[in-house]
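> Fold the following.
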Amino acid sequence: MAVQSHLFILISLLASTLSSASAAELASNPSPKFAFSWLDDNNTFQAGDTATIRIKVLGNFDSRGDASLGKSAFKPTLTVNGKIGNTSYISGVLLETGEDTSNWRILFIPISVGLFNTIIKDDPFEVLDSSLHFKVEPGRLNPSVCVASWMGLINEFEAGNKARIMILPKDAFGNNVTSTSEELSSFNFTVSALYANGSALTPNITNMGLNEVGYIIIEFILMKAGNFSLHVEAGNQTLNGSPLPFKVNPGPVDVSNCVAKWKYEVAAWQIFSKMEIFIHQLDQYGNLVPGFYAFDADVVEKETNLSIPVADLQFEEVAPGVQLFSYTIEESGNFLLTISDEKHNKSVSNMPYTYTVFVGYCNGSSSVVNGSGLNDSVAGETAHFSVYLNDMFQYPYPVEVERLQVQIVTEIDSSTVWPSISPTQIYNVQASAFDVTYTPEKSGIYKILVLCANIALNGGHPFTKEVTASDVNMTLSGVVKFTPKVAKLITHEVVVQLLDSYSNPVLSQQSGLKLEITSMNSSGFSSWMFVDNNDGSYSGHYLAMDVGTYEMCVSYDGTNFSLCPFLVNVYSSQYFPKAYDDKVSVWEDESIALDALANDYFAGNNASIIEFSKPVRGSLLQYGRMFRYTPFKDYIGNDSFSYTISDVNGNLATAAVNISVLSIPPQFVSFPSQLQATEDMISPRFGGFLGFEIRYSDMLENISVSLSARSGTVLLSSMMMQFWQPMSSGLSVRIGDGYQKELIIEGSVEIISMALQSIQYLGNENFYGEDTIRVSARNKNGKNDLAVPVFVDPVNDPPFIQVPKYIVLKSDADESQIFDRETNKFNFSIGDPDAFNYPGMLNSIFLFNSLQLLLTLLYVSGGTSRFLVTFSMEVNDGLLVTCLPAELINSTELKLKTSFQWEPLQTYVTISKHFTVKASGVRFRGTVNDCNSIMQQLFYQSGEGDDVLKVKLNDMGHYGCRPDCTEKISLPLFAEATVNLIRRRPMSSVLAHTLGAGVVIEFFMVFFLGVLLLFFTCKCAFLLVNERRSHDDTTYFTGCCSTSFMLAGQASNFRQW
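Sure, this is the predicted structure:
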């Protein structure tokens, strides 16, 4: 206690001296003060605007700013709604502290809508300002962020009905735009529907406007049936959520709109042939309607206007929405065909159909078609082939000239070539042999179908031929692509297009092309052969090694094209800009500003962005040469966009920016403010702590949560884990390495959220008071930490007494010290586990250096100096003599030799604040330190015999608590011990064991000899009995051998012969 008092006085004097010196120094050079305000008192912004906080410096501050301050430079942190720096609320935080302190300011860009509080903090300058607030409103509507969806989630319609989509207007940062001052027409919203094959149609927009909740509603009419994807755009930007899949079903069949198409478009039909007509069932918008609709047909003779009965009239569905109508023609003449509905109220379009039936016997399989015109040919070349009509018996069969038809159609675009048909010999305006002449001009595949009325020749199959391009036309061909300005020592391209006289691409002519240099400076120039691109174009490459202007020509078979020469200027590589791809990353809920030109090269240090593409998964804003990218809400993954720059010379360069949108570490949505536990018990006893909940954007990705406690262990409730079956649910639980054993839980966010409901806590042995559970939620990109305080309620622990079973007193002295460490090395002590956490006292330690004055208050555990217990010692025969501190006078009680009761101390004499007592028993109330100190000074005074010392300790119900409480009382706990006080040293354990072992060995030896003697005695008796029973001529021995050796050696003498 004296040492602590002197130390406290010394530290107090030192602190006073240092404080005075620091005060004097600060008075001579006071620290500056700072005031903060909004620029122009404007604290309302639109998302994407630049917010400015002015910094006003008050007091003495070096005008040179950061340059003179070194490590003490003013670098405040900006916290918005509890988050420091760039967050989901603000971005682009920038501190501007130049030489002129009057222009100091903090800049940032608000990106989220709402009301926000700011805290500006700087510890070295003791700055803590929370007076600024600001409001953020949505920015301008950004089409690429607006979310398009079907109204009412209805995406299946009937042709002719109205479809509605709703667009949630958002700004570039994903904030909902509830109102806008701009006309919706200024955003140029458009919708287009695409078939699966890529063909497009544009629906008719009938209405566009805002509804009562702020959605943009677009109505349009869908008339074409099929499966589509709806693309919604505004200002050449595709809306988020687009394309929207939808389906349009056809309406009811409209008979008057149905179309009948003949298999062969002819007007004359051969008798006894089969008429085949395809009926296309259409609704009023021309869509095919699947199903079988009932039609009927009427055949009327034209001259008599009489209806002709048809015996084998058939209707058959051959494709969805298409029926095949067929019947056999059995009468010749002129007829009218009408196809109508079953009730004959409406007929299909283009009815009635007029046709003629003639008597003929032309056979499509027997007729012959041959000639070179059916073979492959060259575009522009006239082709010929012949047709010979025969009947089924191979005889020529003449028909009217107009009965023969030849259909020549290109396969690629269905364009028709009209042939010239000439009969070779006419008999009565009829002929059986014909010459067909035609000139194909387009290259490609042709289909040639030859018909005799409605009878198709060649077994009903068309002929196929290929037409290739003719010779190269030098006028139509030429150089179509080259770069007038190129860099030296780099390969460059020249593209040539070869066409024939009919503008058909000419293929496989690369060997005839040549790139030549015609200028004087032809040295250092290299070229390569042209490469066929298989579309009529050819690519040639060259390389110039020197700077200059080159004149070039491209020739074909030695003839130059019209563009000859063409000039190419060659520059050094430094003349051209170079754009390099960038890689950046951004958190999913933040925004990032990037200078894409920072790593690009351009002459004159001056370039501009002339074009950039739109990213697919985020919004992109341009501010000069800066871009600001904001990912769409809840998107995680990769995104990219490209940009093109132009330098002062007009040269272009293109690069891409590849963006990684990272998932933020799991967030703690809720957590308990404080947990309650009990000393040396698992808490809670049933289940786990409630209130822990985390949120993570990817429900399938595995994340981990680690939990640890400073003064305890975190575990999971075994009861709840048995119900979950963690292995089958994907939950992994393990213990981490390190000083503090972490409990690590891995799995999906749903599984981990369930596991967090079974957290239990167990403090270290005898620990109570304040502890902290540290929780870290991790994903592959980072972690979030959380500290949850735990208060452990104390539990009264029993006191303990450490004394030996006996103590040897000095036999030659009347008074002997009982607990003497010199003669007995045993650790004599008493104590209580709760004493070490009992409230102590505060000591002040002052540390000072040339930079700052640091005052640190340390809590020193002084529990053993204030923890009171009741301690008693008594003997049976002798007396106890000890010296006690004077402060224990009031609590000391004695048990005299003549009395069996505890009596308070009546008389005493204090010397140096201590007094001495002599009695058969001593009891007092003091601290643990007092008890241990008195035990070390305890003497025994008695007669000649041994005695017993009884020691008792009572903790008086104290069990300690945290430092800010006073007392907590419970039922008292006891500890007792008995010490045998002896004059002679008892036999040592080694000697006792040795003597015991000797006695045991002696016992076994005697026992063995007795057993051996009994054995031979019995054996001798047995032999004597046998000898008496033997014959008279047997020799007997009348005695036994005197030794066992004789018995063993002459055992055969006892045997009767």
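
> Please, which helix or strand holds F1022?
If you go by DSSP states H and E, F1022 is part of helix 989-1028.

> Which other helices and strands does that helix contact?
Applying 3 or more C-beta pairs under 8 Å, 6 or more residues apart in numbering; DSSP states H and E, one finds that helix 989-1028 contacts helix 1044-1049. In this view, the C-beta of every residue, glycine as well, is placed from N, C-alpha and C.

> how about the helices in the protein?
2-28, 66-69, 718-724, 726-729, 749-755, 928-936, 989-1028, 1044-1049 (DSSP state H).

> what about the last one, average pLDDT?
Looking back up the chat, that one is helix 1044-1049. The pLDDT scores in helix 1044-1049 average 36.

> For the remainder of this discussion, apply numbering that starts at 45.
Will do, 45 is the new start, and the previous item becomes helix 1088-1093.

> Kindly report which one of the helices of the chain carries the lowest mean pLDDT.
Among the helices of the chain, helix 1088-1093 scores lowest, with a mean of 36.

> Can you give me the first-to-last residue distance of stretch 711-726?
Stretch 711-726 has an end-to-end distance of 27 Å (C-alpha to C-alpha, to the nearest Å).

> and if you look at stretch 169-179?
Taking C-alpha to C-alpha as the criterion, the two ends of stretch 169-179 lie 28 Å apart.

> Next, the contact list for D340, please.
I383, S384, D385, E386, H388 (C-beta atoms under 8 Å, 6 or more residues apart in numbering).

> Where does the prediction get shaky in the stretch 495-644 of the chain?
The model of the stretch 495-644 of the chain has pLDDT under 70 over residues 565-566.

> Next one: the nearest residue to K941 once chain neighbours are set aside from V925, what distance?
When the adjacent residues along the chain are set aside, K941 lies closest to S964, with 4.7 Å between them (C-beta to C-beta, 6 or more residues apart in numbering). Separation of S964 from V925 (C-beta to C-beta, to the nearest Å): 11 Å.

> And those two? Which one has more around it.
S964 (21 against 18; other C-beta atoms under 10 Å).

> Please report how far the more buried one lies from R1027.
For S964 relative to R1027 (C-beta to C-beta), the value is 18 Å.

> what does A475 give?
158 Å.

> More neighbours: which of those two?
Legend: neighbour count by other C-beta under 10 Å for A475 and R1027, higher for A475 (22 against 15).

> who touches stretch 650-665?
By C-beta under 8 Å, 6+ apart, stretch 650-665 touches 92, 186, 188-189, 216-218, 281-282, 621, 640-641, 644, 666, 669, 671-676, 679, 681, 683-692, 696, 703, 705.

> which of the residues in the helix holding F1066 are buried?
Neighbour-count burial for helix 1033-1072 flags L1067 (criterion: 16 or more other C-beta atoms under 10 Å).

> so where do the strands sit in the stretch 795-944 of the chain?
Under the criterion DSSP state E, counting those that start in this stretch, the stretch 795-944 of the chain contains strands at 803-807, 813-823, 826-837, 844-846, 850-852, 859-861, 873-875, 885-892, 897-904, 912-919, 923-929, 937-939.

> ignore the last one, the stretch 545-694 of the chain
Using DSSP E, counting those that start in this stretch, strands in the stretch 545-694 of the chain cover 557-561, 569-571, 575-576, 581-588, 592-600, 603-604, 610-615, 626-631, 636-638, 651-656, 662-667, 670-675, 681-691.

> Please produce CSV containing those strands, extended by distance to G129 and mean neighbour count.
Converted to CSV, the strands of the stretch 545-694 of the chain look like this (distance: least, C-beta to C-beta, whole Å; neighbours: other C-beta atoms under 10 Å):
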stretch, distance to G129, mean neighbour count
strand 557-561, 59, 19
strand 569-571, 56, 16
strand 575-576, 55, 15
strand 581-588, 51, 20
strand 592-600, 55, 18
strand 603-604, 67, 13
strand 610-615, 46, 17
strand 626-631, 12, 16
strand 636-638, 13, 17
strand 651-656, 28, 15
strand 662-667, 20, 18
strand 670-675, 17, 22
strand 681-691, 23, 17
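
> what about these, which gets the closest to E537?
strand 581-588 (5.6 Å; C-beta to C-beta).

> relative orientation of that closest one and strand 557-561 in degrees?
Put simply, strand 581-588 runs at 30 degrees to strand 557-561, going by axes from the mean of the first three to the mean of the last three C-alpha atoms, to 10 degrees.

> Report the angle between strand 581-588 and strand 592-600.
150 degrees.

> Specify the angle between strand 581-588 and strand 610-615 in degrees.
40 degrees.

> Return a ChimeraX selection command for the buried portion of the contacts of D340.
Here is the ChimeraX command that selects only those of the contacts of D340 that count as buried (16+ other C-beta under 10 Å):
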select :383,384,385
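
> Now, the contacts of D340 that are in strands?
I383, S384, D385 (DSSP state E).

> between those residues, which is nearest E510?
The closest of the ones in strands among the contacts of D340, once distances to E510 are taken by C-beta to C-beta, is I383, at 39.5 Å.

> I figured that closest one was touching V392, is that so?
Yes: I383 is within contact range of V392, at 5.0 Å (criterion: C-beta atoms under 8 Å).

> Provide the partner residues of F835 in its beta bridges.
Beta bridges link F835 to Q720, E814, judged by DSSP bridges.

> now it: how far from G732?
From F835 to G732 the distance is 17 Å (C-beta to C-beta).

> Between the two, tell me which one has more neighbours.
Neighbours around F835 and G732, counted as other C-beta under 10 Å, are more numerous at G732. The numbers are 20 against 13.

> so who does that one touch?
With C-beta under 8 Å, 6+ apart, G732 has these contacts: L760, S761, M764, L800, Q801, S802, I803, Q804.

> Ok, S629 next?
I703, S704, V705, L706.

> Most neighbours among those residues, which one?
I703 (24 neighbours).

> what bridges to it?
Here I703 sits in beta bridges with V628, D683, going by DSSP bridges.

> Do you know the pLDDT at it?
For I703, the predicted pLDDT is 96.

> same deal with V450?
94.

> Does it touch T481 like I think?
No: V450 lies out of contact with T481 (C-beta under 8 Å); the separation is 10.0 Å.

> returning to what we had before: among the ones in strands among the contacts of D340, which one lies nearest to V461?
I383 (32.1 Å).

> Tell me the bridge partners for that closest one.
A341.

> who's in contact with it?
A304, I321, I323, F339, D340, A341, F369, S391, V392, M395.

> Flag the least confident of the residues you listed.
Among the contacts of I383, M395 has the weakest pLDDT, 88.

> For the residue nearest to that one when sequence neighbours are not counted, give me its contacts.
Closest residue in space to M395, ignoring its immediate chain neighbours: T382 at 4.9 Å, by C-beta to C-beta, 6+ apart. Taking C-beta under 8 Å, 6+ apart as the criterion, T382 is in contact with A341, D342, V344, S391, M395, P396, Y397.

> do V276 as well
Applying C-beta under 8 Å, 6+ apart, the residues contacting V276 are 192, 209, 211, 233-235, 262, 282-283, 285-288.

> From I260, how far out is it?
Taking C-beta to C-beta, one finds V276 at 10 Å from I260.

> Kindly report the same for P440.
P440 is 75 Å from I260, by C-beta to C-beta.

> So these two - more neighbours on which side?
I260 (22 against 14).
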